[in-house]
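A.B. asks: sequence unknown, structure follows:
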């Protein structure tokens with residue numbers, strides 16, 4: 001069976017659907033080819049099922065890429081306000097949680113339903129359970145399945161990254177980029193819990209479920225949010241954020257520094273001559289900052305070398321820069337996004353079209369642009385999808 005369209009979009013996730021809507025609104029005959037049995041699976045599981053669909057404070061600085069300027073154009077031309085207007089047009093109730101993060105009041109199904117309705121209104125054709133076996137380019141791009149052939153002068157790759165393979169994530173987009181001779185920035189799991197080395201894990205794993213407000217730093221970036229101790233290591237927003245900047249594939253992964261007492265001078269009380277200098281007094285001060293069990297355990301492992309002013313000053317430095325060298329991450333199974341991807345030098349920042357191959361576009365997570373936690377990756381999906389859709 002042969003099908004002919006103006007544009008083929010591989011992948012029915014956030015970026016692919018936005019691209020289809022924008023192209024369809026411009027009168028283009030668009031097909032979305034999705035290899036699983038339904039659209040937007042990652043949308044549905046995001047934000048605990050409530051979909052953190054954008055962030056009010058979205059800036060280019062909220063993204064990690066080998067080219068820090070690449071995302072600016074698309075983000076400026078499709079903003080959080082543009083997506084919020086679409087949400088409000090469909091009467092979807094939403095709320096701001098913290099730090100500009102917007103969530104659905106009811107369910108992520110509202111966002112997917114909105115995108116499906118917009119696709120229908122724009123005349124977009126949707127093909128589910130459509131696994132592409134090969135793609136080639138003659139005069140047109142040709143995408144073949146076991147029993148069908150799809151042709152179009154434009155092909156948009158919106159296949160996502162490697163994160164959450166249980167809902168269908170594959171390396172297809174990267175493989176296709178390589179097939180067409182495009183450079184790839186080696187992918188790695190982003191926004192992912194970290195696994196502690198055996199020694200640290202033995203010290204802290206029985207504290208699983210304990211959390212604390214910290215500053216996590218690595219590779220020149222820092223984030224102040226909650227850290228959560230798990231059975232295997234560390235998680236929570238601060239750790240997920242910094243994990244995108246910690247790459248275990250480096251020859252020598254650098255440690256993550258954790259400030260366990262942000263803005264607090266824990267040993268200040270000991271400058272008063274009346275305060276006894278001993279473990280019970282220090283434990284009492286640390287318990288004012290950290291959950292008691294964590295304070296006690298950390299102090300057991302990091303007792304001051306002496307009770308002199310110098311010894312306490314050294315200990316104070318430690319509490320604000322606890323070096324943790326993870327053994328690794330929880331991998332793509334637990335990663336919210338994939339960092340790395342199609343090299344931005346291969347693409348037009350305005351349209352997402354390949355510089356070498358006219359008519360071939362890459363959008364969303366498959367590109368080497370990775371947002372921070374908090375709705376930024378969805379905003380990149382909407383913005384890059386809209387940029388390509390308006391160029392088709």
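C.D. replies: Yep, it's here. Remember, predicted model here, so these are calculated numbers, not experimental data. Numbers count the residues shown, from 1 in each chain.

A.B. asks: residue ranges with poor pLDDT in the stretch 251-392 of the chain?
C.D. replies: 251-252 (pLDDT under 70).

A.B. asks: ok, 50 please
C.D. replies: Nowhere does the stretch 251-392 of the chain drop to pLDDT under 50.

A.B. asks: Tell me which stretches of it form helices.
C.D. replies: 279-287, 292-301, 309-320, 376-389 (DSSP state H, counting those that start in this stretch).

A.B. asks: Next, format the ones you listed as TSV and append mean neighbour count and distance to residue 10.
C.D. replies: Using the backbone N, CA and C atoms, a C-beta is placed for each residue, glycine as well. TSV is the format used below for the helices of the stretch 251-392 of the chain (neighbours: other C-beta atoms under 10 Å; distance: least, C-beta to C-beta, whole Å):
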stretch	mean neighbour count	distance to residue 10
helix 279-287	15	53
helix 292-301	16	46
helix 309-320	15	48
helix 376-389	29	12
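
A.B. asks: Which of these sits closest to residue 204?
C.D. replies: Nearest of the helices of the stretch 251-392 of the chain to residue 204, taken as C-beta to C-beta: helix 292-301 at 6.5 Å.

A.B. asks: name the helices or strands packed onto the closest one?
C.D. replies: helix 198-204, helix 279-287 (3 or more C-beta pairs under 8 Å, 6 or more residues apart in numbering; DSSP states H and E).

A.B. asks: chain center to the last one: distance?
C.D. replies: The offset between the C-alpha centroid of helix 279-287 and the centroid of the whole chain comes to 38 Å, using C-alpha atoms, centre = their mean, to the nearest Å.

A.B. asks: So which residues make contact with that helix?
C.D. replies: Contact with helix 279-287 is made by 261, 266-267, 269-270, 275, 295-296, 298-299, 303-304, 315, 319, as judged by C-beta atoms under 8 Å, 6 or more residues apart in numbering.

A.B. asks: Recalculate using a threshold of 7 Å.
C.D. replies: 266, 269, 275, 295-296, 299, 303 (C-beta atoms under 7 Å, 6 or more residues apart in numbering).

A.B. asks: repeat for stretch 312-327
C.D. replies: Taking C-beta under 7 Å, 6+ apart as the rule, stretch 312-327 contacts 194-197, 200, 233, 246, 253, 255-261, 266-267, 270, 302, 304-305.

A.B. asks: Okay, and which of those residues map to strands?
C.D. replies: Secondary structure from DSSP state E places 194-195, 233, 256-259 of the contacts of stretch 312-327 in strands.

A.B. asks: what about burial for those, which qualify?
C.D. replies: Buried by 16 or more other C-beta atoms under 10 Å: 194-195, 233, 256-259, out of the ones in strands among the contacts of stretch 312-327.

A.B. asks: Can you pick out the most distant pair from those?
C.D. replies: 195 and 259 (21.1 Å).

A.B. asks: Residue 42 versus the spatially closest residue to residue 186 that is not a sequence neighbour, what's the distance?
C.D. replies: Take residue 186 and drop its neighbours on the chain: the residue closest to it by C-beta to C-beta, 6 or more residues apart in numbering is residue 340, 5.4 Å away. Going from residue 340 to residue 42 by C-beta to C-beta, to the nearest Å gives 18 Å.

A.B. asks: again, but for residue 59
C.D. replies: Distance from residue 59 to residue 42, by C-beta to C-beta: 23 Å.

A.B. asks: What residues does residue 100 make contact with?
C.D. replies: 55-57.

A.B. asks: Repeat that for residue 183.
C.D. replies: 343, 345-346.

A.B. asks: hmm, 6 Å instead?
C.D. replies: 343, 346 (C-beta atoms under 6 Å, 6 or more residues apart in numbering).

A.B. asks: where's it relative to residue 67, distance?
C.D. replies: Distance from residue 183 to residue 67, by C-beta to C-beta: 12 Å.

A.B. asks: for residue 217, same thing?
C.D. replies: Counting by C-beta to C-beta, the gap from residue 217 to residue 67 is 23 Å.

A.B. asks: Give me the distance from stretch 205-214 to the chain's centre.
C.D. replies: 23 Å.

A.B. asks: Kindly report the same for stretch 127-147.
C.D. replies: 29 Å.

A.B. asks: tell me the mean pLDDT for it?
C.D. replies: The average pLDDT for stretch 127-147 rounds to 96.

A.B. asks: List the neighbours of it that are in contact with it.
C.D. replies: So stretch 127-147 is contacted by 8, 33-35, 37, 150-153, 155, 176 (C-beta under 6 Å, 6+ apart).

A.B. asks: first to last residue in it, what's the distance?
C.D. replies: 13 Å (C-alpha to C-alpha, to the nearest Å).

A.B. asks: Now it: buried residues?
C.D. replies: 127, 130, 132, 135, 140-143, 145.

A.B. asks: CSV for the residues you listed, including distance to residue 327 and secondary structure?
C.D. replies: As requested, those are exported to CSV (distance: C-beta to C-beta, whole Å; DSSP: H, G, I helix; E, B strand; the rest coil):
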residue, distance to residue 327, secondary structure
127, 43, strand
130, 40, coil
132, 37, coil
135, 38, strand
140, 49, coil
141, 43, strand
142, 45, strand
143, 41, strand
145, 41, coil
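
A.B. asks: All good on my end, thank you.
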